[in-house]
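J.: predicted model and sequence below, questions to follow.
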Amino acid sequence: MRRVLLSILLATVAAGVLSAQRGARVTSSVQCASNLGNGLKTKRAFCDVLVATAPAGSVQITIPAHTGDSTLRFDLHNRFTIPTLNVPGPLTYASHQAIISVIRANGAVIKRAAVAREFRTVADLFDQIGGGSGPGGAKVVAPGAPEAVSVVVPAAVSALGIVGVSLEVATWGGREQFDSPGRPVAMVSNVRIQYRPR
């Protein structure tokens with residue numbers, strides 16, 4: 001009898017999950033204060049993540065009318081500057097650690113995330129961004145390998161943002177930290193919101 005009840009309970013839960021997934025939608029509507037352009041390889045759109053206290057100052061996302069919690073997902077990348085000259089390996093080395101926040105429209109923090117990667121050669125990059133004067137039309141800034149971020153957004157939230165908090169850079173010449181307003185600290189791509197329409 002217990003096995004039968006357990007089987008019925010599991011089937012009911014599974015049906016509920018499938019029903020919720022079937023009703024879910026995904027939007028990737030994003031407004032970037034600093035739109036970098038599309039990747040030459042992946043064709044993804046890349047946005048700078050700027051130090052800010054409000055969504056409009058960096059990456060702004062609006063969630064359509066919905067019920068229940070929604071889920072924000074995106075890839076977070078370090079923002080590397082590609083050397084314009086061929087220089088010895090140690091001189092191109094850079095280690096970046098960027099911290100960002102996902103915030104409500106009023107600036108309250110929902111979640112923080114970080115990405116830390118190293119750059120030595122172009123092979124360390126995830127992609128390069130078109131529209132620049134570098135080799136193949138690439139820009140001098142490029143995304144490092146992605147860090148997947150997932151954030152559960154409370155049901156009452158209909159607008160949020162991804163903003164920069166700080167960037168720590170270590171090179172052969174020393175270590176620096178940046179946190180001034182408007183400073184780009186990272187990049188995002190593949191931003192999407194999964195929600196259940198009202």
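T.: Sure, I can see it.
J.: so Gly130 touches Phe46, yeah?
T.: No. Applying CB atoms under 8 Å, one finds Gly130 not in contact with Phe46, separated by 10.0 Å. Glycine gets a C-beta too; all of them are placed from N, C-alpha and C.
J.: so what's in contact with the two at the same time?
T.: Residues touching both Gly130 and Phe46 (CB atoms under 8 Å, 6 or more residues apart in numbering): Gly37, Asn38, Gly39.
J.: can you pick the most crowded of the residues you listed?
T.: Among the shared contacts of Gly130 and Phe46, Gly39 has the most neighbours (other CB atoms under 10 Å), with 20 neighbours.
J.: the chain: helices as residue ranges?
T.: Residue ranges of the helices in the chain, as given by DSSP state H, are 2-23, 89-92.
J.: hang on, the earlier thing: so Gly130 and Phe46 - more neighbours on which side?
T.: Taking neighbours as other CB under 10 Å, Gly130 and Phe46 compare with Phe46 leading, 27 against 17.
J.: so what's the closest residue to that one other than its chain neighbours up against?
T.: Closest residue to Phe46 apart from its sequence neighbours, by CB to CB, 6 or more residues apart in numbering: Leu36 at 4.4 Å. The contact partners of Leu36, by CB under 8 Å, 6+ apart, come to Phe46, Cys47, Asp48, Ile129, Lys139, Val141, Met187.
J.: any weak-confidence spans in the protein?
T.: Within the chain, the ranges that satisfy pLDDT under 70 run 1-22, 84-91.
J.: now with 90, please.
T.: 1-24, 27-29, 82-93, 121-122, 132-137, 172-173, 198 (pLDDT under 90).
J.: can you map out the strands along it?
T.: Taking DSSP state E as the criterion, the chain carries its strands at 25-27, 30-32, 35-38, 45-50, 59-62, 66-77, 79-81, 94-104, 109-119, 141-143, 147-153, 159-171, 174-178, 184-197.
J.: between the longest one and strand 45-50, how many degrees?
T.: Per axes from the mean of the first three to the mean of the last three CA atoms, to 10 degrees, the angle that strand 184-197 makes with strand 45-50 is 120 degrees.
J.: give me the buried positions along strand 184-197.
T.: Pro184, Val185, Ala186, Met187, Val188, Ser189, Asn190, Val191, Ile193, Gln194, Tyr195, Arg196 (16 or more other CB atoms under 10 Å).
J.: and which of those residues is nearest Arg175?
T.: Minimum distance to Arg175 across the buried residues of strand 184-197 is 15.1 Å, recorded for Val185 (CB to CB).
J.: surely Pro64 touches Tyr195?
T.: Yes. At 6.5 Å, Pro64 counts as touching Tyr195 under the criterion of CB under 8 Å.
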